[in-house]
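[1] Kindly return the folded structure for what I paste below:
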Amino acid sequence: MLIVPQNWAENLDFVRSHIASAAAAAGRDPTQITLVAVSKAQPLAAMRAVHALGVVDFGESYPQEALAKIEALGGETLIWHFIGQIQSNKTRVIAEHFAWVHSVDRVQIARRLNAQRPFHAPPLNVCLQVKLIDEPAKGGVSPLELSSLAEEVAGLERIRLRGLMCLPPVSDDVTEQRRWFARLRELLLELNGKGHALDVLSMGMSGDYEAAVREGATHLRIGTAIFGARPGDAGFKL
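    Presented below is the predicted three-dimensional model:
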């Protein structure tokens, strides 16, 4: 029998209750918000425990680590989201094993994912990562180049363009958090006004997910608030 450590259950209850409260304040249905548990560098035991508590969506950033987990958890009904920066030589693993990719910011990456997506699999759900402010360490397409990238990606046969993703500057100021998320929502609405039918805003992490919910987030990428402090990547073990 699977034993669930009390802190994981309490953490998840806390996160879910705050999502529900933020959704209620915004007049939204919390069941329409997908919680993606960011499990990079987390052991299988933690993932199994969180899955037993009802989480089915898991986010990974490193292809080889993710592939080992996907193979180990092959009997589980999990939905895998790739949320990290994408290297050209890693696109095949992502295209073959993930249902979602949240971090496409170049047409070359989108074309590789499209070409390498297996024909027996459904189209790969893709979000475009937008760089709302110039931060060298973060990926993302600039708002000025977003429309042309969306047009290119939307035309690929094995990809389904679903929405936008962002990694805004870290801030404890809720007003500042909401400003960035509101900007991403505005960009999505602008694209839809040009003929797209985007329905996903992937935004909000452990420190700002309530602000993201209030501004329309459909997918929250939450790791630390669920699992606790992440083990060092170098010491990762299945």
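
[2] When you work out contacts or count neighbours from here on, use the C-alpha atoms and nothing else.
    Noted.

[3] Can you say which helix or strand has the residue found closest to Gly207 once you drop the neighbours it is linked to in the chain in it?
    Of all residues not flanking Gly207 in the chain, Asp172 sits nearest, at 7.6 Å (Cα to Cα, 6 or more residues apart in numbering). Following DSSP states H and E, there is no helix or strand that holds Asp172.

[4] Go ahead and confirm Leu188 touches Leu164.
    Yes. If you go by Cα atoms under 8 Å, Leu188 and Leu164 touch, sitting 6.8 Å apart.

[5] what residues are shared contacts of the two?
    Contact with both Leu188 and Leu164 is made by residues Leu201, according to Cα atoms under 8 Å, 6 or more residues apart in numbering.

[6] Give me the residue ranges of the protein where confidence is low.
    For the chain, residues meeting the criterion pLDDT under 70 lie at 1-6, 230-238.

[7] could you pull out the helices for the chain?
    Per DSSP state H, the chain carries helices over the ranges 6-25, 44-52, 63-72, 91-97, 107-116, 143-154, 174-193, 209-214, 224-227.

[8] Now for the residue nearest to Gly207, how many residues are close by?
    The local packing count at Asp172 equals 10, with neighbours defined by other Cα atoms under 10 Å.

[9] Can you pull the phi and psi angles for it?
    Dihedral pair for Asp172: phi -90, psi 0, per degrees, to the nearest 10.

[10] picking that back up, next, format the helices of the chain as JSON lines and append mean neighbour count.
    Below are the helices of the chain laid out as JSON lines (neighbours: other Cα atoms under 10 Å):
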{"stretch": "helix 6-25", "mean neighbour count": "16"}
{"stretch": "helix 44-52", "mean neighbour count": "17"}
{"stretch": "helix 63-72", "mean neighbour count": "16"}
{"stretch": "helix 91-97", "mean neighbour count": "20"}
{"stretch": "helix 107-116", "mean neighbour count": "19"}
{"stretch": "helix 143-154", "mean neighbour count": "16"}
{"stretch": "helix 174-193", "mean neighbour count": "18"}
{"stretch": "helix 209-214", "mean neighbour count": "25"}
{"stretch": "helix 224-227", "mean neighbour count": "19"}
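
[11] need these in JSON lines with distance to Val126, can you?
    Converted to JSON lines, those look like this (distance: least, Cα to Cα, whole Å):
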{"stretch": "helix 6-25", "distance to Val126": "24"}
{"stretch": "helix 44-52", "distance to Val126": "23"}
{"stretch": "helix 63-72", "distance to Val126": "16"}
{"stretch": "helix 91-97", "distance to Val126": "11"}
{"stretch": "helix 107-116", "distance to Val126": "9"}
{"stretch": "helix 143-154", "distance to Val126": "9"}
{"stretch": "helix 174-193", "distance to Val126": "14"}
{"stretch": "helix 209-214", "distance to Val126": "19"}
{"stretch": "helix 224-227", "distance to Val126": "24"}
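
[12] of all those helices, which lies closest to Ala37?
    helix 224-227 (7.3 Å; Cα to Cα).

[13] Fine by me, thanks again.
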